[in-house]
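Visitor: okay, here's the prediction I keep looking at, along with the sequence it came from:
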Amino acid sequence: MYQPAIDLAAVTAIDMHVHIEVDDHGHASLPEPLVAAVSKYFRADGPRPAVDAVAQYYRERRMAAVVFSVDARTQLAHPPLSSTDIARAAAEHADVLIPFGSVDPRTGEAALELATRLIEDEGVRGLKFHPTVQGFDPSHEEYAPLWGLIEKAGVPALFHTGQTGIGAGLPGGYGFRLGLSNPMLLDPVAADFPNLQIIMAHPSVPWQDEALSVATHKPNTWIDLSGWSPKYFPAELVRYANSILKRRVLFGTDYPLLTPDRWLRDVASTDLKPDVLPGILKDNAARLLRLAG
């Protein structure tokens, strides 16, 4: 069972958004047409590292990383990577890796059972969801039992928000519906489950104002800064990160599609204040994940 062994004094940052896209057998988390489309969209044709390689990459940079895949078996008709395997592999690298699990909300009772096993037996520290790729509306009442279970377990739920490169350029966008990742759909979840910590992943373009509204109004919501180079961050997001949301904004990259090296290089050209960066890079995540003493 995973138990974190991260020396916070020894790491410079906690990357809240790192994808595991292949397992040790070479099975990919997405069907091949989507893998090709994502690579084209992000202009990223580099390797897709498995857990051990990700651990070594972050260890070399003196960073910790939250790692996960996305279980979209219903929508994609494609076997997901095993969150159990990811958690167990992360346990071998507990000095730098923090596993999140993923379940397909559309599998109903099976999702509840798997979430329970991942949290209680494998020690995952959160659950990851992608409403557009998984094809579900998080505000719909049928998913309330899942949010209640995660709330009771005391771990955060990480939701993709905004535009996605997955399916971009394919006929009909591969059938994906962008509106399912409007952060306003998380507002009723945050209202109904006030102790559930909700992370809205990415600058939520084209709904950045909605994300900032939700985060300002609901203190159990957070924003991670993954998926975009900092030099493209919307001005309002930077303004809020510098002020009223500075304790609930989190460093994230979307590795391997965006590297921490590039993120840190590009953040120097933004108006993010030097005195808020330590919180964004590490301290806020340590508090959220209960890694701080």
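Guide: Now that the structure is in, tell me what you want to look at. Computed from a prediction, not measured in an experiment: that's the story for all the values here.

Visitor: residues contacting the helix or strand of the chain with the lowest mean pLDDT, please?
Guide: Sorting the helices and strands of the chain by mean pLDDT, DSSP states H and E puts helix 32-42 at the bottom, at a mean of 77. If you take CB atoms under 8 Å, 6 or more residues apart in numbering as the criterion, helix 32-42 is touched by 21, 28, 30, 44-45, 76, 165-170, 174, 257-258. In this view, the C-beta of every residue, glycine as well, is placed from N, C-alpha and C.

Visitor: Arg290 and Leu97, how far apart?
Guide: 16 Å (CB to CB, to the nearest Å).

Visitor: higher neighbour count, those two?
Guide: Set Arg290 next to Leu97 and count neighbours by other CB atoms under 10 Å: Leu97 wins out with 28 against 12.

Visitor: separation between that one and Lys282?
Guide: Separation of Leu97 from Lys282 (CB to CB): 15 Å.

Visitor: state the mean pLDDT of stretch 109-116.
Guide: Across stretch 109-116, the average pLDDT comes to 98.

Visitor: buried set for that stretch?
Guide: 111-112, 114-115 (16 or more other CB atoms under 10 Å).

Visitor: and the two most separated of those?
Guide: Leu112 and Leu114 (7.5 Å; CB to CB).

Visitor: thinking again about what came up before, in the least confident helix or strand of the chain, what counts as buried?
Guide: Neighbour-count burial for helix 32-42 flags 34-35, 37-38, 41-42 (criterion: 16+ other CB under 10 Å).

Visitor: can I get those in CSV including distance to Leu185?
Guide: Output for these, formatted as CSV (distance: CB to CB, whole Å):
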residue, distance to Leu185
Leu34, 23
Val35, 27
Ala37, 24
Val38, 23
Tyr41, 23
Phe42, 25
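
Visitor: of the residues you listed, closest to Asp52?
Guide: Closest approach between the buried residues of helix 32-42 and Asp52, by CB to CB: Val35, at 20.4 Å.

Visitor: next secondary structure after the least confident helix or strand of the chain?
Guide: helix 51-60 (DSSP states H and E).

Visitor: please state the offset of whatever helix or strand comes next after that next one from the chain centre?
Guide: Following helix 51-60 in sequence order, the next helix or strand is strand 63-68 (DSSP H and E). Put simply, strand 63-68 sits 10 Å off its chain's centre (CA atoms, centre = their mean, to the nearest Å).

Visitor: ok, stretch 247-256 next?
Guide: 8 Å.

Visitor: now do that stretch: distance from first to last residue.
Guide: End-to-end distance of stretch 247-256: 26 Å, with CA to CA, to the nearest Å as the criterion.

Visitor: and for stretch 116-129?
Guide: Its first and final residues considered, stretch 116-129 spans 16 Å by CA to CA.

Visitor: contacting residues around that stretch?
Guide: The list of residues contacting stretch 116-129 from outside it, by CB under 8 Å, 6+ apart, reads 1-4, 66, 68-70, 83-84, 87-88, 91, 98-103, 105, 115, 138, 149-150, 153, 155-160, 199, 289.

Visitor: quick one: buried ones out of the residues you listed?
Guide: In the contacts of stretch 116-129, burial by neighbour count holds for 2, 4, 66, 68-70, 83-84, 87-88, 91, 98-103, 105, 115, 138, 149-150, 153, 155-160, 199, 289, counting by 16+ other CB under 10 Å.

Visitor: pLDDT wise, what is Val11 at?
Guide: For Val11, the model assigns a pLDDT of 98.

Visitor: my guess is it meets Arg62, correct?
Guide: Yes: the pair Val11 / Arg62 is scored as a contact, 5.6 Å apart, by CB atoms under 8 Å.

Visitor: those two - which one has more neighbours?
Guide: Between Val11 and Arg62, Val11 has the larger neighbour count (other CB under 10 Å), namely 22 against 12.

Visitor: tell me the contacts of the more buried one?
Guide: Val11 sits in contact with 62-64, 96, 282, where contact means CB under 8 Å, 6+ apart.

Visitor: what are the phi and psi values at the residue nearest to Leu178 when sequence neighbours are not counted?
Guide: Distances taken as CB to CB, 6 or more residues apart in numbering put Thr132 closest to Leu178, at 6.0 Å, once the chain neighbours are dropped. With angles defined as degrees, to the nearest 10, Thr132 sits at phi -70, psi -50.
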